[in-house]
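A.B. asks: Need coordinates for the following:
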Amino acid sequence: MLKNVLSKSLFGAFLITTTISQAQEPAQPTHEKRVYINDGNTYVQKSLPLYFMFSTSKGGTQYPLTSKKSAGYADPMYLDTEGVNYMRSKWAVDPATGKPKVPQEEVLYELYADGLAPRTRLSYSGANVWRSDRVYYGPGLVLTLKSTDGVSGVENTYYSLGTGSWATYSGDVNAGTEGENAFYYYANDNVGNAEKTKNSKFVVDLSSPNSNHSIVGIVHNGNIIAPSTTFDLSQDDNLSGVNRTMYSFDDRSEKRQSGSVGVSYLPDGEHTLYYYSVDNVKNTESKKSFSFYLDKIAPEVSISINGDQHQGQKYLFVSNRTTVNLSATDNKAGVNKIYYRIDGGERMDFSSDFKYPDVKGVHTVKYDATDNVQNLAANKYKTVYVDNKAPQTGITYGNPQFFHRDTLFVNKDTKISLKSRDYESGVKQIQYAVDGGGYQNYSQFTIPGEGYHTIKFKTTDNVNNVEDEKTSNVYVDNTAPDIYHNFSINALGTKNGAKVYPNYSRMYLGATDDHVGTKSIMYSINGGPLTAYSSASTIDISERNRFLKKNVKYSVRVVAKDMLGNTSEETFEFYIGLEDDK
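C.D. replies: Numbering: from 1, shown residues only. Next comes the predicted model:
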């Protein structure tokens, strides 16, 4: 069972120590020391004692061969030289003649001493290898043994791989078990020399690494990320360790991970992160992917001015009742917050409609917004002029008019004007009402009816500031003066229905007016020009003798005007002279 005891290094490589339950080294069997005859050669295990026998005929009686001269070393005798040893007879005898061979030749009996075990070499092939704290091999590892022996030759090569028992080597051994392996092996020769057991310990890594990603930074709904967000790629490998992690976005070329993976260079929109890891023996992980939306577009913020407003040449005028609404839309992550400042003040979260300060003058709202991945919209500004002052209206009466005793008198022809001023948004509407009637839009007007009247009036400016209602009282006097006349003497009588007066009579004229008084009295005698009565430049009809002719009918036309120009006219007819016969 594997147990991971070290964590990954900075760049993804792992050093792993594993503890693996495995078969113990198998006990090497005993190989009998012996003699081996092959191809006419005799091989003897070098440590074996030698006892020599001879016979005078093949298959005949065998007689021990002993040595008196070297009795201490000859029975038995041990071979001292590795390899070929010789038993000698000084000179060879020709078997046919029984005489020494000419030329002389020494007789040699070869005996091969073999005291050395074979030597076995292990080689590895078919798999990627990585060496660190130990040796790691990837899939496909093949173990090859080659044994050699210098004298009697190799009889067998043996190996054990995870079984706890020996097998005779007959060809390449496949090492297909993942984890730590111990490979034991040795060889023996034909006279029983056995090599000391050798071993090779290595780790077979057949498994790919495992990689994962984590999102560092701003993320919304699991897969909508901000330009500042990065990906961390983590890796683990249970054996040889991670060699490298590769990643790419969309169809872009692969890059080797060397830290956090940024996305700020990608365009706004849908993207896919692909990544995988390769361990140190080139086991390659299946490519993984993560699809996400990179939201690089800030919200679009808009402002609406609701209620009283008027666009002037320089400013948008609003009232202190006008409200401001902010709204925003976002292409993907959605709007997080909308912010605003008034006149450079504290930054506030927008939650509901608000008003500009109730202070006359210019005010500015700065506003922006963030989306759910903290893209910040560019600042926008809206400047307005707050008009919280109502207009001022005055009333003007034209002519004729007359003021007396706190009362203004006019007549039906007097034109009444209303004048209003507003220094901010300007005048929108002037209205007036007469004697409690309904308000109507202003144009110059008159009041035809006689008597006391009350005029109420007010003005509304372009942002609907309404002036407090004002009142003006006026008396309309359309009645002309009453004209009267009398003579300084009683009539003498009548003639043709008209009274007759003596020629020394004087006539007196007068006029009265109920409200504004008489301004002038004019008279004309017998169609003559009108003359002011009792003026400073003339002598009126009562102060001179104008009726000196006798038996003449006089016609006096009298015209009277009051202070408003209301005019009355009367004509009086009479005779000067004799009275009618009775």
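A.B. asks: Who is residue 376 paired with across the strands?
C.D. replies: Taking DSSP bridges, one obtains residue 370 as the residues bridged to residue 376.
A.B. asks: do residue 270 as well
C.D. replies: residue 293.
A.B. asks: That one: neighbour count?
C.D. replies: Counted with other C-beta atoms under 10 Å, the burial measure for residue 270 works out to 11 neighbours. Quick note: C-beta positions are derived from backbone N, CA and C, even for glycine.
A.B. asks: In this structure it contacts residue 332, no?
C.D. replies: No - with contact defined as C-beta atoms under 8 Å, residue 270 does not reach residue 332; the gap is 9.7 Å.
A.B. asks: Now do the shared contacts for the two.
C.D. replies: Shared contacts of residue 270 and residue 332, defined by C-beta atoms under 8 Å, 6 or more residues apart in numbering, comprise residue 293.
A.B. asks: show me where the stretch 1-150 of the chain has helices.
C.D. replies: In the stretch 1-150 of the chain, the segments counted as helices under DSSP state H, counting those that start in this stretch are 71-74.
A.B. asks: So which residues of it form strands?
C.D. replies: Here the stretch 1-150 of the chain has its strands, by DSSP state E, counting those that start in this stretch, at 35-38, 41-45, 52-55, 62-65, 83-89, 107-114, 119-125, 129-131, 135-137, 142-148.
A.B. asks: How about the most centrally placed residue in the chain: what's its closest non-neighbour residue?
C.D. replies: To find the centre residue of the chain, average its C-alpha atoms and take the closest one (C-alpha atoms, centre = their mean): that gives residue 375, at 2.9 Å. Of all residues not flanking residue 375 in the chain, residue 298 sits nearest, at 4.1 Å (C-beta to C-beta, 6 or more residues apart in numbering).
A.B. asks: so how far is residue 353 from the one you found?
C.D. replies: Relative to residue 353, residue 298 is positioned 23 Å away (C-beta to C-beta, to the nearest Å).
A.B. asks: So these two - more neighbours on which side?
C.D. replies: For residue 298 versus residue 353, the count of surrounding residues by other C-beta under 10 Å is larger for residue 298: 19 against 13.
A.B. asks: and the chain, what are its domains?
C.D. replies: Structural domains annotated on the chain: 35-114, 210-294, 300-376, 392-476, 482-576, as defined by automatic domain parsing.
A.B. asks: Quick one: closest of those to residue 133.
C.D. replies: Within the domains of the chain, the stretch nearest residue 133 is domain 210-294; the backing value is 9.7 Å (C-beta to C-beta).
A.B. asks: That closest one - what's its average pLDDT?
C.D. replies: Averaging pLDDT along domain 210-294 gives 97.
A.B. asks: end to end, how far does it reach?
C.D. replies: Start-to-end span of domain 210-294 (C-alpha to C-alpha, to the nearest Å) is 26 Å.
A.B. asks: With stretch 147-157 instead?
C.D. replies: Using C-alpha to C-alpha, the end-to-end distance of stretch 147-157 comes out at 7 Å.
A.B. asks: and residue 437, what helix or strand is that in?
C.D. replies: Applying DSSP states H and E as the criterion places residue 437 outside every helix and strand.
A.B. asks: Burial check on it, number of neighbours?
C.D. replies: As a burial measure, residue 437 scores 9 neighbours (other C-beta under 10 Å).
A.B. asks: if I look at it, how far off is residue 454?
C.D. replies: Between residue 437 and residue 454 the computed distance is 10 Å (C-beta to C-beta).
A.B. asks: Just give the closest residue to residue 461, not the sequence neighbours.
C.D. replies: The shortest distance from residue 461 to any non-neighbouring residue, by C-beta to C-beta, 6+ apart, is to residue 422 (4.4 Å).
A.B. asks: thinking that neighbour is in contact with residue 388, fair?
C.D. replies: No - the pair residue 422 and residue 388 does not pass the contact test of C-beta under 8 Å, sitting 11.8 Å apart.
A.B. asks: which parts of stretch 258-273 are buried?
C.D. replies: 261, 263, 271, 273 (16 or more other C-beta atoms under 10 Å).
A.B. asks: Please disregard the earlier target; I meant stretch 496-507.
C.D. replies: For stretch 496-507, burial by neighbour count (16+ other C-beta under 10 Å) applies to 498, 499, 500, 501, 502, 505, 506, 507.
A.B. asks: With stretch 289-296 instead?
C.D. replies: For stretch 289-296, the buried set under the neighbour-count rule, 16+ other C-beta under 10 Å, comprises 292, 293, 294, 295, 296.
A.B. asks: Minimum distance to residue 411: which of the strands of the stretch 1-150 of the chain has it?
C.D. replies: That would be strand 129-131 among these, by C-beta to C-beta, at 120.4 Å.
A.B. asks: what is the mean pLDDT for the closest one?
C.D. replies: Within the predicted structure, the mean pLDDT of strand 129-131 is 96.
A.B. asks: So residue 136 sits against residue 243, correct?
C.D. replies: No - under the criterion of C-beta under 8 Å, residue 136 lies out of contact with residue 243, with a separation of 10.8 Å.
A.B. asks: shaky segments in the protein?
C.D. replies: Residue ranges of the chain with pLDDT under 70: 1-23, 535-548, 578-582.
A.B. asks: go with 50
C.D. replies: In the predicted model, the chain carries pLDDT under 50 at residues 1-21, 536-539, 581-582.
A.B. asks: What distance do you get for residue 55 to residue 35?
C.D. replies: With the distance defined as C-beta to C-beta, residue 55 ends up 18 Å from residue 35.
A.B. asks: got a list of what the residue nearest to residue 461 touches?
C.D. replies: Applying C-beta under 8 Å, 6+ apart, one finds that residue 422 lies in contact with 387, 389, 390, 391, 392, 459, 461, 462, 465.
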